[in-house]
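> Test case, fold it:
(one chain, ligands or ions: 1)
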Amino acid sequence: MRRLLLLLLLISPAYKNPHLSEDKRIEDLLARMTLHEKVMQLNQFTLGRNDNVNNIGEVVGKLPAEIGSVIYYAADPVLRNAMQRRAMEESRLGIPLIFGYDDIHGFKTLYQISLGQACSWNPSLVEKMCSYSAREARRSGVDWTFSPMIDVARDPRWGRVAEGYGEDPYVNGVFGAASVRGYQGAGLKSLDAVAACLKHYVGYGASEAGRDYVYTEISRPTLWNVYLFPYKMCLDAGAQSLMSSFNDISGIPGSANHYTLTEVLRDTWGFDGPVVSDWDAVKQLINQGYAANLREASSKALMAGVDMDMMSHGYEEYLEDLVESGEIPVSVVDEAVRRVLRIKFRLGLFDNPYIPEETPEKRFFLPEAMETASQLAAESMVLLKNNGVLPIRNASNIAVIGPLAKNSWDLMGNWKGHTEPEEMDVFLDGIRREFPSAEIKYELGCNVNGEGDFSAALALAERSDVVILCLGEKLNWSGENTSRSSIALPGGQEKLLEEIKATGKPVVVTLTNGRPLELNRIDALADAVLETWQPGVNGASALGGILSGRINPSGKLAITFPWSTGQIPIYYNRHKSARRGTQGVYKDITSDPLYPFGHGLSYTTFEYGDPRCIGTPSIDRPFKVEIEVSNTGKADGYETVLWYISDPYCSVLTRPEKELKYFEKKFLKAGEKATFVFEVDPSRDLGYLDGDGRSFLESGEYHVIVGGRDLKIMI
Ligand code: BGC
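Numbers count the residues shown, from 1 in each chain. Okay, here's the model as predicted:
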């Protein structure tokens with residue numbers, strides 16, 4: 001038997017031999033491919049169905065057997081295997097398909113949205129979550145997830161702030177890298193891993209005034225220090241692919257930008273995996289005025305470095321002709337094909353194209369996934385305000401009111417994967433379980449639009465000891481194509497709060513939403529405000545636990561909540577102003593945000609000592625700064641210490657007022673003390689990048705800012 005297998009291997013083509021190196025197999029296969037077969041590898045279609053409502057366009061009825069990739073909207077291994085069989089058996093060379101899908105905050109077991117995840121400051125939990133999500137996805141037919149989104153986003157009017165990790169480049173890098181490790185960590189060939197795709201490369205989050213898909217004006221230093229920064233961290237974590245963005249980057253669209261796609265990504269960073277365009281992004285070069293027609297758009301995108309065309313159909317239609325007419329060299333096509341084949345070899349698709357046909361029970365909602373969903377929800381909710389009403393103790397009549405109290409649909413948030421609303425645990429049920437001896441009554445009050453007759457809700461409030469008012473956004477108010485000119489909740493929701501407050505009962509407001517909100521009126525009325533984000537299948541238990549005090553909240557904001565929409569953009573790491581103090585501030589409202597980056601309350605208190613440097617700081621050697629933090633309250637709890645640096649003077653470029661460089665979360669029992677340590681690598685943590693991405697570091701004065709304290713150091 002072994003000899004027969006050996007013989008078969010010897011007579012079969014080299015690219016089919018799993019014992020040969022990836023490069024040998026790629027080159028062997030490439031040499032056998034016709035131009036048509038090569039071009040087909042550079043296309044991604046979606047078959048029959050399209051779950052992304054924003055992607056309007058023709059849906060392909062029949063897949064050519066030679067196609068490179070498919071966006072796969074099913075969760076059925078049998079269907080996946082049947083589609084793969086066609087590619088393997090009906091294409092001349094038997095090249096497997098790679099199946100892509102947006103597994104964003106959960107495939108079936110739904111977790112907290114990414115913006116909420118960042119507020120947990122617990123990247124290992126996010127890594128775990130992504131590993132469980134990868135397992136569900138791969139075993140359901142998906143090899144490649146279009147995640148993580150690491151677009152630094154500083155304008156909450158942009159609906160896609162929900163999909164990333166907030167306003168800070170470092171936080172996006174840390175959480176993006178954690179999710180890459182989670183998705184890919186089991187090993188790409190494993191049935192428990194999927195290849196990650198970093199998106200949207202690059203600068204999409206800078207969309208003007210939060211309008212989706214529009215122009216972005218990004219200077220080179222900002223491009224490097226803010227937008228490219230997290231990509232580099234995630235590539236260092238091993239990410240296998242990227243998606244090119246829709247936005248125009250200062251005159252050259254992201255999907256035709258040779259500088260970002262080739263000079264930076266390939267020439268500087270040496271990345272050898274594929275770049276797929278965003279949906280229709282190649283064709284959209286025409287709308288952006290950068291290509292006269294689809295032929296030119298396809299040529300520009302490929303030449304810039306987009307290897308695979310998602311649904312524009314331009315590569316399919318024009319690349320062969322463009323090569324044959326000599327307008328693009330075949331070597332560019334070859335290089336793109338190599339990258340596509342490489343990810344397929346790395347995923348083991350040539351050797352194991354099919355997946356086991358397991359039942360849904362074996363794949364979905366496994367106990368460890370559900371446990372992680374609960375923990376992540378608990379750690380990511382942010383207590384924004386508390387005048388002492390929380391935790392709720394000794395209440396015998398609790399009123400649960402509001403449009404998000406018993407609303408499983410909107411609770412899911414955007415990119416809900418394959419989760420069905422009936423699989424979600426609604427807040428009301430979580431609260432009922434949490435307070436078994438209290439009488440819990442529910443009234444809607446108003447719908448998410450703020451419409452409704454409040455009378456029953458007000459009567460209920462009157463009869464209760466405390467009101468839990470669940471406000472928030474609809475599922476489709478955040479995510480792609482959901483820009484909003486105001487980030488306030490509908491007036492009707494605020495009015496409901498106002499009238500309930502007038503009953504004199506204490507009111508705890510919970511917020512379920514995918515972006516920072518304008519909360520100044522809500523903050524003024526509510527006794528407590530708890531930001532839950534869109535917390536996933538088990539969010540209700542986490543919410544119940546925080547309300548009762550079983551869980552001590554530990555989330556902190558990874559994005560600033562402005563005082564009002566008019567303050568936007570307002571992010572913590574703005575560059576220094578020419579005039580300080582009272583000059584340049586708003587004359588009509590405060591210039592401070594309502595809840596700054598890093599804000600989040602606990603049921604205990606933490607006291608910070610003075611930060612100190614261990615030894616003498618130096619420009620060319622790592623050194624340590626440490627601070628002692630004590631839990632001075634009565635409850636055990638987590639504390640996250642955020643370490644910023646500030647460079648008061650830089651001779652090359654101006655720098656932000658302060659920049660987050662490190663964070664750490666620790667559990668401290670009541671009365672316990674812990675030392676938090678920041679290991680400063682001077683070039684990484686104190687240095688900066690110039691407009692060509694070159695790191696530089698000047699000697700002189702720097703500040704380490706931690707827990708509101710400021711330590712001056714000289715290097
Ligand atoms: C989105 C991407 C997504 C793709 C495929 C696009 O409209 O911008 O984030 O991965 O669709 O669904």
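> Tell me the secondary structure of the residue in the stretch 401-550 of the chain positioned nearest to the ligand, please.
Nearest residue of the stretch 401-550 of the chain to the ligand: Glu480, at 5.4 Å (C-beta to the nearest ligand atom). All C-beta spots, glycine's among them, are computed from the backbone N, C-alpha and C. Three-state call for Glu480 (DSSP: H, G, I helix; E, B strand; the rest coil): coil.
> Grab the nearest non-local neighbour of it.
In space, and not counting its chain neighbours, Glu480 is closest to Asn54: 4.8 Å by C-beta to C-beta, 6 or more residues apart in numbering.
> Give me the number of neighbouring residues for the one you found.
When counting by other C-beta atoms under 10 Å, one arrives at 13 neighbours for Asn54.
> Surely it and Asn476 touch.
No. With contact defined as C-beta atoms under 8 Å, Asn54 does not reach Asn476; the gap is 10.0 Å.
> So whichever residue of the stretch 101-250 of the chain sits closest to the ligand versus Gly273, what's the distance?
Scanning the stretch 101-250 of the chain for the residue nearest the ligand gives Phe146, at 3.6 Å (criterion: C-beta to the nearest ligand atom). Distance of Phe146 to Gly273, given as C-beta to C-beta, to the nearest Å: 14 Å.
> Compare those two (neighbour count), which wins?
Phe146 (25 against 21).
> count of residues packed around the residue nearest to Gly671 when sequence neighbours are not counted?
What sits nearest to Gly671 in space, not counting adjacent residues and going by C-beta to C-beta, 6+ apart, is Asn631, at 6.3 Å. By the other C-beta under 10 Å criterion, the neighbourhood of Asn631 contains 24 residues.
> list the contacts for the residue of the stretch 201-350 of the chain at minimum distance from the ligand?
Checking the stretch 201-350 of the chain residue by residue against the ligand with C-beta to the nearest ligand atom singles out Trp279 as nearest, at 3.9 Å. Trp279 makes contacts with 52, 55, 57, 310-311, as judged by C-beta atoms under 8 Å, 6 or more residues apart in numbering.
> swap in Phe454?
So Phe454 contacts 445-446, 495-496, 499 (C-beta under 8 Å, 6+ apart).
> top of the residues you listed by neighbour count?
Neighbour-wise, the contacts of Phe454 (other C-beta under 10 Å) top out at Gly445, 31 neighbours.
> rewinding a little: and the contacts of Trp279 as JSON lines, adding secondary structure?
JSON lines is the format used below for the contacts of Trp279 (three-state DSSP):
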{"residue": "Asn52", "secondary structure": "coil"}
{"residue": "Asn55", "secondary structure": "coil"}
{"residue": "Gly57", "secondary structure": "coil"}
{"residue": "Met310", "secondary structure": "strand"}
{"residue": "Met311", "secondary structure": "coil"}
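> Reformat these as JSON lines; add pLDDT.
Shown next, in JSON lines, are these (pLDDT from 0 to 100):
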{"residue": "Asn52", "pLDDT": "74"}
{"residue": "Asn55", "pLDDT": "72"}
{"residue": "Gly57", "pLDDT": "63"}
{"residue": "Met310", "pLDDT": "97"}
{"residue": "Met311", "pLDDT": "94"}
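> which of these count as buried?
Using 16 or more other C-beta atoms under 10 Å as the burial test, these include 52, 55, 310-311 as buried.
> now the residues you listed in a markdown table, with distance to the ligand?
As requested, the buried ones among the contacts of Trp279 are exported to a markdown table (distance: C-beta to the nearest ligand atom, whole Å):
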| residue | distance to the ligand |
| --- | --- |
| Asn52 | 4 |
| Asn55 | 5 |
| Met310 | 7 |
| Met311 | 8 |
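> now, which of those residues sits nearest Ala75?
The nearest member of those to Ala75, counting by C-beta to C-beta, is Asn52 at 15.6 Å.
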